[in-house]
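Visitor: I'd like to go over a predicted model; first the sequence, then the structure.
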Amino acid sequence: MYTSSIGRETTPVSKGFPDQEEKYFLEGPRSRAREFFFVVNILLEFIRGFRVFHFVGPCIAVFGSARAQPGSPYYESARKMGAGIAKLGFAVMTGGGPGIMEAANRGAKEAGGRSVGCNILLPKEQHPNVWLDSYFSCRYFFVRKVLMFKYSYGFVIMPGGIGTLDEFFEALTLIQTHKILNFPVVLMDKRFWEPIMPLFHKMLEEYMVEPEVLKYMLFTDSHDEALSHIKQFAITNYRIKRKKIFKKFLLLGES
């Protein structure tokens, strides 16, 4: 049965679709006043997100398609991965929506672990799935991406579409530029991801990427191999310690 989630936080939706303001921002300069208030809104969204995730503990992010249906091979694979990550002692963080995101969160909850999501408000609203202990709903894609990468110590890339590819290459870019260090990146399902493997071989041949960057990346069909890779880099290098440096403040949404 589905379980109810607790400790949730959402961001109010402004009039119109939540992404309209971001779209207009990306069209070029606007008045100084509008630019200023846009930045203020971004700052407030970051602060609210920090409050929600500050005490969650170290996470592993699972990315993948929202279109995978319950019972499908991709869904069940993500569910198994979520359970395995939880058993390693990590919280499972996803984009908070349906499909593979729901499956990973579900697996974590069923294994007795912690499950969180960083949702995005869209014109066709993506509702947070019911397997989340807590979640935060972002208006801006770039805020969502920062929050997910900030609190994650490794990344599992399940089969997905353009958004999943964006998150995958973002992880590799942060590793290559040393913004994050020694973070494991696992691509599950060799058959699905096989078309991009020659691209990486070509990058290496043409010296477009350093071999050091790709040593943290694993293509596999094995959940055990994937979890071992996560354990090697995420646990060995960073150790799972939930340090409560600051006291929790209920007024700031910390629970």
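Guide: Looks like it arrived, so ask away. The structure presented is a predicted model; accordingly, all values stated were derived computationally and were not measured.
Visitor: show me where pLDDT drops low in this structure?
Guide: 1-23, 124-125, 236-255 (pLDDT under 70).
Visitor: same thing but at 80, please
Guide: Scanning the chain with the threshold set as pLDDT under 80 gives 1-26, 122-126, 235-255.
Visitor: show me the helices in it, by range?
Guide: Shown for the chain, the helices assigned by DSSP state H span residues 20-25, 32-53, 73-88, 100-110, 141-150, 162-176, 190-193, 197-205, 211-214, 223-230, 236-238.
Visitor: show me the one of the ones you listed that comes nearest Phe63.
Guide: Closest to Phe63 of the helices of the chain, according to C-beta to C-beta: helix 162-176, at 4.5 Å. All C-beta spots, glycine's among them, are computed from the backbone N, C-alpha and C.
Visitor: okay, now Gly99: neighbour count?
Guide: Residues within reach of Gly99, counting by other C-beta atoms under 10 Å, total 24.
Visitor: how near is it to Ser77?
Guide: 12 Å (C-beta to C-beta, to the nearest Å).
Visitor: is it correct that Met101 is in contact with Gly95?
Guide: Yes: the criterion here is C-beta atoms under 8 Å, and Met101 meets it with Gly95 at 4.9 Å.
Visitor: quick one on the thing from earlier: nearest to His127, of the helices of the chain?
Guide: His127 lies closest to helix 100-110 among these, at 10.2 Å (C-beta to C-beta).
Visitor: if we can go back for a sec, out of the helices of the chain, deepest packed?
Guide: Of all the helices of the chain, helix 100-110 has the most neighbours on average by mean count of other C-beta atoms under 10 Å, namely a mean of 28.
Visitor: chain center to that helix: distance?
Guide: Relative to its parent chain, helix 100-110 has a centroid offset of 13 Å by C-alpha atoms, centre = their mean, to the nearest Å.
Visitor: please apply the same query to stretch 41-59.
Guide: Relative to the centre of its chain, stretch 41-59 is centred 13 Å away, using C-alpha atoms, centre = their mean.
Visitor: returning to what we had before: let me have the helices of the chain in TSV, extended by distance to Val62.
Guide: Below are these laid out as TSV (distance: least, C-beta to C-beta, whole Å):
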stretch	distance to Val62
helix 20-25	25
helix 32-53	15
helix 73-88	6
helix 100-110	4
helix 141-150	10
helix 162-176	10
helix 190-193	15
helix 197-205	21
helix 211-214	20
helix 223-230	11
helix 236-238	18
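Visitor: do you know which of the ones you listed lies nearest Gly64?
Guide: Ranking the helices of the chain by proximity to Gly64 (C-beta to C-beta) places helix 100-110 first, at 3.0 Å.
Visitor: tell me the angle the closest one makes with helix 162-176.
Guide: Interaxial angle, helix 100-110 versus helix 162-176 (axes from the mean of the first three to the mean of the last three C-alpha atoms, to 10 degrees): 70 degrees.
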